[in-house]
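Novice: the sequence and its predicted three-dimensional model are supplied below.
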Amino acid sequence: MTTRRMAQRPRLVAAITSLLIAGCGGTTTTPALPSTAPPEASSSASSSTVPATDVKAAFLEVITDPKFSGTAALSGTIALAGIDGEVSGDWAFDGPDSHMTTTIALPGSEQTNESVTIGPDGWERSGEGPWLEREKKPDRGKSFTGMLAVLNALEDLGVESRDGVELHHFQPPAGGRVPADALGIDNADIKSPKATADFYTTDAGVPEIFAFHITWTQAIGGQDAAVTMDMQLDIDDVGTSQPIEPPAEAEIWTRYTSSFGYRMAHPPEWTARHTKTEDSFLIDDQPYVYVAPRTLPAGATLSSFQRDLIASYHAQFGTDPESRESTRIGGSAAFRLTYHFKNDANQDVALVDVATLHGGRGWEVFILTLAGETEADDIGVFDDFVSTFTFTK
């Protein structure tokens, strides 16, 4: 086998939308959140005094304006499976368009996600991974801005002092309850989501703080766990137009859906080839990345699959893996094997294989590339491939 070098790894920036579940081993789209404790204001309120009913009317007029624009700093907390973490990020919005970056920091790990929405189109990415076009869901009229547009029943809870600043506090009826799916909490992995909201404005009805408290149940490590997330958005630059730009076309990867029962993305200049036994991903007609489902003996486990795979590679290459690590792929526990060996053309070759069990079969996602100068970049591209892998059945 003669192996040519892969294209150099595209340098991308960070990402959101699929943040919440991604930080816990899955995928969803969600803004970040605040605590039930009263939040603090981020800017000074107007010195004028306006009757509360007028303030509410002014506030609703601002947030229901189709051209409602501004920025927000996100802060908050998340608690899941006995683990406490922090949420932070930034949001720029201009009517239906927005650019959002969110980071969830848990002990020993941190994940940043990014999303861009322009009209009906959207893109998202996780960490420094590739941009993906957001999959379109049926429009049920429950978008975040759509929710704000129908909050005519806001209750006036009076004026409250926040760090020495007097702000008007408004809340939806029934203790502030709002539909969770209007906040993006509509992933199949999330059970029984509930959300409440609080809004704080200046005397002139200018938004200062949006605060959300969200709870749900989610499978973590095979067990259902209660999750609580609190987010505060400190609103600024209200009425200032925000330039929202889409990702560069060359940075948006293409999703490939296989009849084997998985989906994975690849750079736009790559192609995919399907056979009865495996899929291969090629650049300049040279395959580098492969996905292969395997039939396993009855009662096979991840450990036995790893032992059998190592034995098979030893028979082919005459060597054992240089490293073996536990990892995850497609939301499932997996292992990762790394090899170096000489191919039939006496070239030094690097192999990285990520393998898991799903649907009664073994699955391998692996790369074969020349060892040496660009090996690290090639494996970096492979890791981006792996980060987009999901099972479809």
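Specialist: Looks like it arrived, so ask away. Quantities reported herein were computed from a predicted structural model and do not represent experimental measurements.
Novice: in the stretch 201-350 of the chain, which spans are strands?
Specialist: Per DSSP state E, counting those that start in this stretch, the stretch 201-350 of the chain carries strands over the ranges 207-220, 223-236, 252-258, 262-266, 271-274, 279-283, 286-295, 323-329, 332-342, 348-358.
Novice: in JSON lines, list those along with mean pLDDT.
Specialist: Formatted as JSON lines, the strands of the stretch 201-350 of the chain follow (pLDDT from 0 to 100):
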{"stretch": "strand 207-220", "mean pLDDT": "90"}
{"stretch": "strand 223-236", "mean pLDDT": "92"}
{"stretch": "strand 252-258", "mean pLDDT": "96"}
{"stretch": "strand 262-266", "mean pLDDT": "97"}
{"stretch": "strand 271-274", "mean pLDDT": "97"}
{"stretch": "strand 279-283", "mean pLDDT": "97"}
{"stretch": "strand 286-295", "mean pLDDT": "96"}
{"stretch": "strand 323-329", "mean pLDDT": "95"}
{"stretch": "strand 332-342", "mean pLDDT": "95"}
{"stretch": "strand 348-358", "mean pLDDT": "96"}
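Novice: and these: which comes nearest P243?
Specialist: strand 223-236 (15.9 Å; C-beta to C-beta). C-beta: built from backbone N, CA, C; applies to glycine.
Novice: and that closest one, how far out from the chain middle?
Specialist: In terms of C-alpha atoms, centre = their mean, to the nearest Å, the centre of strand 223-236 is set 15 Å apart from its chain centre.
Novice: so, low pLDDT: which residues of the stretch 1-150 of the chain?
Specialist: 1-53, 136-150 (pLDDT under 70).
Novice: can you map out the helices along it?
Specialist: 19-22, 52-63, 144-149 (DSSP state H, counting those that start in this stretch).
Novice: how about the strands in the stretch 51-200 of the chain?
Specialist: Counting by DSSP E, counting those that start in this stretch, the strands of the stretch 51-200 of the chain are 69-80, 83-94, 97-106, 109-118, 121-126, 131-133, 155-162, 165-171, 177-178, 190-201.
Novice: picking up where we left off before, so which of the strands of the stretch 201-350 of the chain is nearest V87?
Specialist: Counting by C-beta to C-beta, V87 lies closest to strand 223-236 out of the strands of the stretch 201-350 of the chain; the figure is 6.2 Å.
Novice: report the buried residues of that closest one.
Specialist: For strand 223-236, burial by neighbour count (16 or more other C-beta atoms under 10 Å) applies to 225, 227-235.
Novice: could you check the angle strand 207-220 makes with that strand?
Specialist: Computed with axes from the mean of the first three to the mean of the last three C-alpha atoms, to 10 degrees, the direction of strand 223-236 lies at 170 degrees from that of strand 207-220.
Novice: out of the strands of the stretch 51-200 of the chain, which gets nearest to V291?
Specialist: Taking the strands of the stretch 51-200 of the chain one by one with C-beta to C-beta, strand 131-133 is closest: 17.2 Å.
Novice: what sits up against stretch 220-227?
Specialist: Outside stretch 220-227, the residues within contact range by C-beta atoms under 8 Å, 6 or more residues apart in numbering are 24-25, 78-81, 191, 215-219.
Novice: now, which of the residues you listed sits nearest I63?
Specialist: For the contacts of stretch 220-227, the nearest to I63 is T215 (24.5 Å; C-beta to C-beta).
Novice: beta partners for the closest one?
Specialist: Here T215 sits in beta bridges with K194, T228, going by DSSP bridges.
Novice: number of nearby residues for it?
Specialist: T215: 17 surrounding residues under other C-beta atoms under 10 Å.
Novice: also A250?
Specialist: Neighbours of A250 (other C-beta under 10 Å): 10.
Novice: now L151
Specialist: 19.
Novice: measure it to K56 for me?
Specialist: Note on L151: its distance to K56, by C-beta to C-beta, to the nearest Å, is 10 Å.
Novice: cool, H340 as well?
Specialist: If you go by C-beta to C-beta, the gap between H340 and K56 works out to 68 Å.
Novice: okay, the two: which has more neighbours?
Specialist: K56 (21 against 14).
Novice: my read is that the more buried one contacts A153, right?
Specialist: No. Using C-beta atoms under 8 Å, K56 makes no contact with A153, being 10.4 Å away.
Novice: D90 - how many residues pack around it?
Specialist: Taking other C-beta under 10 Å as the criterion, the count of residues near D90 is 15.
Novice: which one is it nearest to, not counting chain neighbours?
Specialist: Spatial nearest neighbour of D90, chain neighbours left out: T101 (5.3 Å); criterion: C-beta to C-beta, 6 or more residues apart in numbering.
Novice: the one you found bridge partners, please.
Specialist: With DSSP bridges as the rule, T101 is bridged to D90, E114.
Novice: shouldn't it be in contact with Q111?
Specialist: No. Look at T101 against Q111 with C-beta under 8 Å: they stay out of range, at 11.5 Å.
Novice: returning to what we had before: can you redo the strands of the stretch 201-350 of the chain as CSV with distance to K67?
Specialist: Output for the strands of the stretch 201-350 of the chain, formatted as CSV (distance: least, C-beta to C-beta, whole Å):
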stretch, distance to K67
strand 207-220, 14
strand 223-236, 15
strand 252-258, 27
strand 262-266, 34
strand 271-274, 42
strand 279-283, 43
strand 286-295, 44
strand 323-329, 42
strand 332-342, 45
strand 348-358, 46
